[in-house]
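Colleague: pasting the sequence and the predicted model now:
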Amino acid sequence: MTGKVAGQISQVLIPSDIVVQHAGSIGYFSVGAGYELFKNKRGTLDFHYGHVPEGKGGSLHILSAKFAYRPFEVKVNEHVSVYPFNPGAFVSYHFGKAFDFYWDKSQYEDGYYWWSSAIRPHLSVSNEVKLTGQKLLRSLRVKAMTIYSEFNTNELYLVSFYQNPGDLALTDIIKIGLGVRLKF
């Protein structure tokens, strides 16, 4: 492998972003690494580790892989952009003894529980404000800082909502996360 090829491979593997998020189905707090996708840099792929402390409903440990696309950009000025509607999807994996891919077939007949207790696929919509070129950011060697909110639900919530009309409100199945993305 030539030095040029090795350099290109390492550039692809090194994340461009650090992401910190509060709540939003991936932990009370989570940290992650992110990658920009596509030539127009409108897509992101993030990998997070999240934790829910014992006192907040845990102790839970969660890994997630998240994809989002930013189809619309509203430039406020040369240093501020708003992305008002970013559809996305992600998968979260809860690990530990209480979570499994399949239900115990000796205890439950096949198909009784159709979902995995460990894996949750999610649909999401986010919005974000991106700040660039600020003196403080440059002094920290940060190219951009993004503040975002994300609304999501998972397949189990959606099925429960549609199978039980009137019993669940949208506020019961929509979860909200708030986060900060630093681009280096």
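Modeller: Sure thing, it's come through.

Colleague: all strands of the chain, in order?
Modeller: Ranges of strands within the chain are 17-23, 29-37, 43-52, 60-69, 74-77, 80-95, 119-132, 144-154, 175-183, based on DSSP state E.

Colleague: need phi/psi at residue 168.
Modeller: Note on residue 168: its backbone torsions stand at phi -120, psi 140 [degrees, to the nearest 10].

Colleague: check contacts around the closest residue in space to it that isn't next to it in sequence.
Modeller: In space, and not counting its chain neighbours, residue 168 is closest to residue 161: 4.9 Å by C-beta to C-beta, 6 or more residues apart in numbering. For glycine as for every other residue, the C-beta is placed from the backbone atoms N, C-alpha and C. Residue 161 makes contacts with 168, 170, 172, 173, as judged by C-beta atoms under 8 Å, 6 or more residues apart in numbering.

Colleague: and these as TSV, adding pLDDT, distance to residue 144 and neighbour count?
Modeller: Shown next, in TSV, are the contacts of residue 161 (pLDDT from 0 to 100; distance: C-beta to C-beta, whole Å; neighbours: other C-beta atoms under 10 Å):
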residue	pLDDT	distance to residue 144	neighbour count
168	95	38	14
170	95	33	9
172	97	35	13
173	98	32	17
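
Colleague: and residue 40, what's its pLDDT?
Modeller: pLDDT for residue 40: 89.

Colleague: before we move on, what about the one 3 residues further on?
Modeller: At residue 43, the model reports a pLDDT of 96.

Colleague: what about the closest residue to it other than its chain neighbours, how many neighbours?
Modeller: Spatial nearest neighbour of residue 43, chain neighbours left out: residue 37 (3.4 Å); criterion: C-beta to C-beta, 6+ apart. A count of nearby residues for residue 37, using other C-beta atoms under 10 Å, gives 14.
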